[in-house]
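A.B. asks: model the following, please.
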Amino acid sequence: MIFAMEKKKIGKKPLILLVLKILENQSDASHPLRQTEIAKEISAVYPCDRKTVGRNIRTLRQIGYPIEKTKDGFYLGGRAFNAQEKRFITEAVANAEGMSEEQKRDLVKRLSSLLNKASR
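C.D. replies: Take a look at the predicted model:
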């Protein structure tokens, strides 16, 4: 689960943020998500269905989020780095001189947070 929340009433407004967070962290061009998959994850903390997810995706697209649609689902486009670029940067940091191993691990961890779960 991408978010840790108690199962309680959170209201309908945060649903759009939950949809966005799931798309940010669990989708890319190689790993699109269907509306039902997103709804199932959100339903762990708040009742949600496919149609609600669809409405929220439409709204996010209307306000400018680069959410792409494929035959297999949706994903958030416009990533800062792809998986190959992340590996290159990670290896460069690991082999860099002038930083302690702890500093290198911290930097790699922060860089990894820029990527979605699918390409980590």
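A.B. asks: contacts, neighbours, all on C-alpha from now
C.D. replies: Will do.
A.B. asks: element containing the closest residue to residue 101 other than its chain neighbours?
C.D. replies: Spatially, and ignoring its direct neighbours in sequence, residue 101 is nearest to residue 94 (8.0 Å; Cα to Cα, 6 or more residues apart in numbering). When elements are assigned from DSSP states H and E, residue 94 belongs to helix 83-95.
A.B. asks: send me that helix as PDB with only the CA atoms.
C.D. replies: Extracted in PDB, the C-alpha atoms of helix 83-95 (Å, rounded to 0.1, in the frame of the first residue of the first chain):
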ATOM      1  CA  ALA A  83      15.400   3.400 -15.000                       C
ATOM      2  CA  GLN A  84      18.600   3.300 -17.100                       C
ATOM      3  CA  GLU A  85      19.500   6.900 -16.200                       C
ATOM      4  CA  LYS A  86      18.900   6.200 -12.500                       C
ATOM      5  CA  ARG A  87      21.200   3.200 -12.600                       C
ATOM      6  CA  PHE A  88      23.900   5.300 -14.300                       C
ATOM      7  CA  ILE A  89      23.600   8.000 -11.700                       C
ATOM      8  CA  THR A  90      23.600   5.500  -8.800                       C
ATOM      9  CA  GLU A  91      26.700   3.800 -10.100                       C
ATOM     10  CA  ALA A  92      28.400   7.200 -10.600                       C
ATOM     11  CA  VAL A  93      27.600   8.200  -7.000                       C
ATOM     12  CA  ALA A  94      28.800   4.800  -5.700                       C
ATOM     13  CA  ASN A  95      32.100   5.200  -7.500                       C
END
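A.B. asks: just the mean pLDDT for it, thanks.
C.D. replies: Mean pLDDT, helix 83-95: 81.
A.B. asks: residue 102: how many residues sit nearby?
C.D. replies: Neighbour count of residue 102, defined by other Cα atoms under 10 Å: 9.
A.B. asks: quick revisit: run through who's touching the helix or strand that the helix holding residue 94 is followed by.
C.D. replies: Going down the chain from helix 83-95, the next helix or strand is helix 101-112, by DSSP H and E. Residues from elsewhere that reach helix 101-112 (Cα atoms under 8 Å, 6 or more residues apart in numbering): 86, 90, 93-94, 120.
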